[in-house]
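Peer 1: Got a predicted structure here, sequence first:
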Amino acid sequence: MPFYTSEQFGESLNILESEVGLVTKTKQATADMADTDGIIKAGTLFGGGDVYTPVAEPGSENPSAKGWYELADGEYTLSEDSSPQPDATYYAKSTAPVEGVVLEDYDMTADAAYPVAVVVAGRVRADRVSSEALAQKETFAKQGLHLV
């Protein structure tokens, strides 16, 4: 017989100003997006984080001058190599596009990844989103997500 656990951690605040024109998409969230309690709160910015892509052919380029990173002990650090090392993998850093805000709270304590609802268009209450999401107000307005 399976064993299920359930934990009530509170009720999500309604972040929606209106359901008219609301567009949500299902996206894959990871546990590292959660806060220290393992919860992704409603109104959290989705997207906009750092993305590290392996450099396919470093050639004879200077990794330090190019601003490439190396992965060591699970952390990306800026490379100090002046020439490519044969046993090293270098990563280029870029920023993922901002996609929207998380619609409701998600408990990520037992999951490494989980599908979440992300509001990408519509009207959302500005006083109920994170400061990171509020800073993207103009970007969101261009895609049809209005923080009011």
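Peer 2: Nice, I can see it.
Peer 1: Got the phi and psi for the residue nearest to residue 65 when sequence neighbours are not counted?
Peer 2: Residue nearest to residue 65 in three dimensions, not counting chain neighbours: residue 82, with 7.9 Å by C-beta to C-beta, 6 or more residues apart in numbering. Quick note: C-beta positions are derived from backbone N, CA and C, even for glycine. Torsion angles at residue 82 (phi, psi; degrees, to the nearest 10) stand at phi -90, psi -20.
Peer 1: wait, doesn't residue 82 sit right on residue 66?
Peer 2: No. Residue 82 lies out of contact with residue 66 (C-beta atoms under 8 Å); the separation is 10.9 Å.
Peer 1: okay, these two: which has more neighbours?
Peer 2: Counted by other C-beta atoms under 10 Å, residue 82 and residue 66 do not tie: residue 66 has more neighbours, with 14 against 10.
Peer 1: Quick check: the gap between that one and residue 121.
Peer 2: Between residue 66 and residue 121 the computed distance is 37 Å (C-beta to C-beta, to the nearest Å).
Peer 1: who's in contact with the lengthiest strand in the chain?
Peer 2: Counting by DSSP state E, the longest strand found in the chain is strand 16-30. The contact list for strand 16-30 (C-beta atoms under 8 Å, 6 or more residues apart in numbering) reads 40, 46, 99-100, 102-103, 106, 108, 112-125, 144, 146, 148.
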